[in-house]
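Enquirer: starting from these lines, generate the structure:
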Amino acid sequence: MLYAPVVNPIIKSDVRLDDSDLHKMVAKDMVLTGMLIDDPEITQSIDAMGEHLCITFNKDKSISKASARHIRSREEFEQLLAYLPQLIRTTAEEILRGNIEVAPYRFRDRNACTFCSYRSICSFDPELGQGDRYREIADNAQTAMEEIAQMVCGEVKSDG
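Expert: The predicted structure is shown next:
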């Protein structure tokens, strides 16, 4: 599950770049990020796309230590797939109950307000002290996957 950046990179350089150097600089800004399944056959088949991926490979074709944070087990992907319908159902139920609270996410130094078309008319402003708060997104993918596993396993146990 990889995410492609929706950007048109602007490359700044003090010197004229040849096509090869320009391509490398653009590719650096267009890296696909996200998660890959821990399956050597799959990762080897995408090795040719190496310069466009968030992972790098060692000379022996194994995944580099720095890239390990992007690799997830089949079980983790199955848990994620089980969690998404729960999240959609919960969100829909909250909307049907009338809960349309403005609660944008914040991840590190970014937040949803940056990209929102309704920013100019929105009443959300945490600096006014009216109770507006961002929903903080954890900066640790492993912690997030553990929370998802607990939610999925909890629902499976309560349904059975």
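
Enquirer: tell me which residues of stretch 135-148 come out buried.
Expert: 145, 148 (16 or more other Cβ atoms under 10 Å). C-beta: built from backbone N, CA, C; applies to glycine.

Enquirer: quick one: distance of it to the chain centre.
Expert: Centroid separation between stretch 135-148 and its chain, computed with Cα atoms, centre = their mean, to the nearest Å, is 11 Å.

Enquirer: avg pLDDT for stretch 69-84?
Expert: Summarised as a single mean, pLDDT over stretch 69-84 is 87.

Enquirer: what residues does it touch?
Expert: 1, 33-39, 43, 54-55, 63, 141-142, 145, 148-149, 151-153, 156 (Cβ atoms under 8 Å, 6 or more residues apart in numbering).

Enquirer: quick one: the strands in this structure?
Expert: Using DSSP state E, the strands found in the chain span residues 2-3, 33-34, 36-37, 71-72, 105-107, 110-111, 135-136.

Enquirer: stretch 117-130 spans what distance, first to last residue?
Expert: Taking Cα to Cα, to the nearest Å, stretch 117-130 runs 22 Å from one end to the other.

Enquirer: quick one, what contacts residue 137?
Expert: With Cβ under 8 Å, 6+ apart, residue 137 has these contacts: 105, 106, 107.
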